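Participant: Give me coordinates for this.
(2 chains)
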2 protein chains.
Amino acid sequence: MAADLTSRIDALKAELAELEAQLPPPVSPLAPAGFPELPEIDGVRFATAQAGVKYKNRTDVMLAEICEGATMAGVFTRSTTRSAPVLRCEEALEAHTADPAKPGKFAILVNSGNANAFTGGRGFESVDTLRAGVAAALGCPAEKVFTSSTGVIGEPLPHSRIETALGGLCAALDAGHTRSAAEAIMTTDTFPKGASASIELDGVPVRLSGFAKGSGMIAPDMATMLVYIFTDAKIAQPVLQQMLWLENASTFNCITVDGDTSTSDTLLLAATGRADMPVIDEFSDPRARVFRTALQGLMRDLAQQVARDGEGATKLIEVRVTGANSSGAAHRIAMSIANSPLIKTAIAGEDPNWGRVVMAVGKAGERADRDRLSIRFGDILVAENGWVAPGYSEEAGAAYMKQSEIVIAVDIGLDSGKATVWTCDLTHGYITINADYRS
Amino acid sequence: MAADLTSRIDALKAELAELEAQLPPPVSPLAPAGFPELPEIDGVRFATAQAGVKYKNRTDVMLAEICEGATMAGVFTRSTTRSAPVLRCEEALEAHTADPAKPGKFAILVNSGNANAFTGGRGFESVDTLRAGVAAALGCPAEKVFTSSTGVIGEPLPHSRIETALGGLCAALDAGHTRSAAEAIMTTDTFPKGASASIELDGVPVRLSGFAKGSGMIAPDMATMLVYIFTDAKIAQPVLQQMLWLENASTFNCITVDGDTSTSDTLLLAATGRADMPVIDEFSDPRARVFRTALQGLMRDLAQQVARDGEGATKLIEVRVTGANSSGAAHRIAMSIANSPLIKTAIAGEDPNWGRVVMAVGKAGERADRDRLSIRFGDILVAENGWVAPGYSEEAGAAYMKQSEIVIAVDIGLDSGKATVWTCDLTHGYITINADYRS
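Facilitator: Just a heads-up that it's a prediction; the model follows:
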């Protein structure tokens, strides 16, 4: 009997797998309604190509050209096994910081399908060959070419396929090609991610536009995955870099899908200076605050889009921690909650299992006092004073969990440290995507 | 057409769920062949009962009585939200340490189904009531009663159901009841976990016997879940405690299922002193080394059984890190690998995805040099000198991954720090178990 049952189950599973393979590629249920209309940024042009690095029948290379006179800022993964492109980007940024007035255009070349990480000396050869190729094709110094690669780790990058595409890329450059640029850098992403902002700095209109990719291996330690932001503002390099660092701390460094930090995380911000404005060359310039606010909004939007496209995600989770000993402590507690597999699976199952939140606060390694702790799901007070709140009902908690966007708010009750992070739930989809043989 | 496909898929899924519900409760494929024959320990007796704390038709309370003159050692979770029973155990151990000669028997009372964690002042009332009840029923001081509770967090413990069972428990005490004791403390465990050792200390035969429970919320920070070990050796309390601490560091603190640390982790070691031997009252006593070796073997066995019963586990994974800057660094790198969802899902999918091992080394936050790193799957050299090993073939890696016990060995190539940890793979089973509404 048991054997009959098992073989019937196996047959059903096989049929199911066959049918599911016929479904169109799924898009995250948390995806925005569509790709936003991104403004053109004066001084920036994009092109994409199908180089066949790994994927077939889709674009996999993106080139961005940035005008002479622009300033660039960047943050990168702190992984000790970071990739050759990341190491070269760090060198390029250092050279730019040392000599921001060096003549020549900038370029950013990105491929998907291969991360060129843990590829030994050959990894650097690939990067150097591509930087030289872009420099020759665009007429810019090789030191001003930034490259990124994303995809499988440990396989040599077939860089000649990309080299072959460079001529066509240069011919196709256009300021309007942001959506196709965002698509060309996708790997397991189910939708392209873009965001923009338009502001006025002392009456001068300024635009910001950016796009990102990322879906798994998301626990950024500096920046997450690949993010490119462009603006026509005129901002001195040290100020631009400082703003990017600061805003990164509360945006891309506040998302996690699986607690796994990529070897390739790269965030670049280019300011073309084409807006008709006096340069911002002091961080204390009042316009810097206006710009930072817009930059933060754009970065948070992109960061949340990455969390929304977390592998297998069905719920977006915002974790707000207040009342911790410091903002660092609050961040670590929030990340302990956001990375807990038991919390992420409970939310996937729409279970208001607040006991697991208590557990994650307890394991975070930060000061916490059980009897001062309070926990809310959205506006619902779940627990306080070391126990379930008197007015809490399991039915209210369960009803709240049916929403597609969940807020877990924890007050530690000790001091004023606070932090907010974003993540997604942990579902069968994550297992299916990542337990499959490398694709 | 797409709608037809979707509805056919939904129908198949429903049928599948119905059939799967008819299967007998699954036992981990990594379970040992059977529960071992455990030796009786002179001075220790066990009894179990069905108190109906939460589960129906199974035992859920275990009482152990330990003779007067015994010494006790313990380690507990470092969670800042640890449960009332854990806090009271810490007090009891402190009192015992201060006055090891206090007359009277010891007792250990454990219930499954409810963790009595985050239950406010009521949690302490439950523990105190039960300690007084056991003291009265057994005729021992309440301060010498240790209790543990495991199960759901945040619900009041219906302690009167356990109180009612105390008389029957005392009447049923028997030295041979270890298997039923190991079964009574199970929650999501799929098999009971026991281990033993028999040694000679200067010609005197001495026995050790222990059991454990644990399956999810496993990332012990002191000890893991509930573990009880008994010996008839005669060992002074400070020496016993020191040995337990030391061996815990390389056994229970070296396993992880999901990186989530329980509020209730408790490890107790009781030495009855009934063996006919002079007391071991110095850590430097040569017999202490013999005892420690046996204790370590027993604890490692139980720890690995917990990893083997990890929720949804289909593979046991041993992660060996050598060549790190320190043993602490090696441990943190090993845990970074063992807790990586991307590595655990790759192994579930039998994918020799060594690039993800590189990623996990990189994110660990410890010193590592990409070009000195080497990675082995079992005896297969996969990567060295910053890239894939020349003799490595993907086929060999894929064949190795089909085994049910996987060794990932990483040499950092810097110094002599080393550590070994154990974990299991991350499968659909883990999601199913934990995404279900609290059961």
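Participant: What ranges in the stretch 1-150 of chain A fall below the confidence cut-off?
Facilitator: A:1-2 (pLDDT under 70).
Participant: those strands in it, which residues are they?
Facilitator: A:44-49, A:61-66, A:71-76, A:106-114, A:145-152 (DSSP state E, counting those that start in this stretch).
Participant: Which of those strands sits closest to chain B?
Facilitator: Relative to chain B, the nearest member of the strands of the stretch 1-150 of chain A by CB to the nearest CB is strand A:145-152, separated by 6.3 Å. To be clear about C-beta, it is placed using only N, CA and C from the backbone, and glycine gets the same treatment.
Participant: and the longest helix that chain A contains, what other elements does it pack with?
Facilitator: Ordering each helix of chain A by length in residues (DSSP state H) puts helix A:286-308 first. Helix A:286-308 is packed against strand A:193-201, strand A:204-213, strand A:226-231, helix A:237-249, strand A:316-324, strand A:417-424, with contacts defined by 3 or more CB pairs under 8 Å, 6 or more residues apart in numbering or on different chains; DSSP states H and E.
Participant: And these: which comes nearest A:N353?
Facilitator: Proximity of these to A:N353 was assessed by CB to CB; the nearest stretch is strand A:316-324, lying at 13.1 Å.
Participant: With respect to burial, which of the helices and strands packed on helix A:286-308 scores highest?
Facilitator: Mean neighbour count (mean count of other CB atoms under 10 Å in any protein chain shown) peaks for strand A:226-231 among the helices and strands packed on helix A:286-308, with a mean of 28.
Participant: ok, how many other residues are close to A:K56?
Facilitator: By other CB atoms under 10 Å in any protein chain shown, the residues close to A:K56 number 8.
Participant: Need the phi and psi values for it.
Facilitator: Dihedral pair for A:K56: phi -110, psi 150, per degrees, to the nearest 10.
Participant: Against A:G113, how distant is it?
Facilitator: Counting by CB to CB, to the nearest Å, the gap from A:K56 to A:G113 is 10 Å.
Participant: Find the closest residue to chain B in the stretch 201-350 of chain A.
Facilitator: A:G349 (3.2 Å).
Participant: doesn't B:T432 make contact with that residue?
Facilitator: No: checked against CB atoms under 8 Å, the pair A:G349 and B:T432 is beyond contact range at 9.0 Å.
Participant: okay, those two: which has more neighbours?
Facilitator: A:G349 (19 against 16).
Participant: which non-adjacent residue is nearest the residue of the stretch 101-250 of chain A found nearest chain B?
Facilitator: As assessed by CB to the nearest CB, chain B sits closest to A:I153 within the stretch 101-250 of chain A, at 2.8 Å. Nearest non-adjacent residue to A:I153, counting by CB to CB, 6 or more residues apart in numbering or on different chains: B:G355, 2.8 Å away.
Participant: ok and the longest helix of chain A relative to strand A:204-213, angle-wise?
Facilitator: Interaxial angle of helix A:286-308 relative to strand A:204-213 (axes from the mean of the first three to the mean of the last three CA atoms, to 10 degrees): 20 degrees.
Participant: Going by neighbour count, which residues of helix A:286-308 are buried?
Facilitator: Buried residues in helix A:286-308, counted by 16 or more other CB atoms under 10 Å in any protein chain shown: A:287-288, A:290-292, A:294-308.
Participant: ok, A:E65 to A:F146 distance?
Facilitator: 12 Å.
Participant: Quickly list what's touching both of those two.
Facilitator: Shared contacts of A:E65 and A:F146 (CB atoms under 8 Å, 6 or more residues apart in numbering or on different chains): A:106-107.
Participant: Looking at the two, which one has more neighbours?
Facilitator: Neighbours per residue (other CB under 10 Å) separate A:E65 from A:F146, with A:F146 holding more: 28 against 21.
Participant: so that one touches A:G74, yeah?
Facilitator: Yes: using CB under 8 Å, A:F146 is in contact with A:G74, at 7.4 Å.
Participant: what do those two both touch?
Facilitator: Among the neighbours of A:F146, those also in contact with A:G74 (CB under 8 Å, 6+ apart) are A:89, A:93, A:268.
Participant: what's the helix or strand hosting the residue nearest to A:I153 in contact with?
Facilitator: Per DSSP states H and E: B:G355 is located in helix B:354-363. For helix B:354-363, contacts defined as CB under 8 Å, 6+ apart pick out A:77, A:79-82, A:115, A:117-118, A:152-154, A:217, A:219, A:221, A:260-263, B:333, B:336-337, B:340, B:342-343, B:346, B:368, B:370, B:373, B:375, B:377, B:382-383, B:388, B:397, B:408, B:410, B:412.
Participant: Just want the angle from that helix to strand A:145-152.
Facilitator: Going by the same axes, to 10 degrees, helix B:354-363 makes 120 degrees with strand A:145-152.
Participant: so how far is helix B:354-363 off the chain centroid?
Facilitator: From the chain centre to the centre of helix B:354-363 is a distance of 26 Å (CA atoms, centre = their mean, to the nearest Å).
Participant: Kindly export that helix (C-alpha atoms) in CSV.
Facilitator: Extracted in CSV, the C-alpha atoms of helix B:354-363 (Å, rounded to 0.1, in the frame of the first residue of the first chain):
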residue,chain,number,x,y,z
TRP,B,354,32.1,25.9,-5.2
GLY,B,355,31.8,29.5,-6.2
ARG,B,356,29.3,29.9,-3.4
VAL,B,357,31.9,28.6,-1.0
VAL,B,358,34.2,31.4,-2.2
MET,B,359,31.4,33.8,-1.6
ALA,B,360,30.9,32.6,2.0
VAL,B,361,34.6,32.8,2.8
GLY,B,362,34.6,36.3,1.5
LYS,B,363,31.6,37.5,3.6
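Participant: helices or strands up against the helix or strand just after it?
Facilitator: Counting by DSSP H and E, the element after helix B:354-363 in chain order, helix or strand, is strand B:374-377. Counting contacts by 3+ CB pairs under 8 Å, 6+ apart, strand B:374-377 packs against helix B:354-363, strand B:380-384, strand B:405-411.
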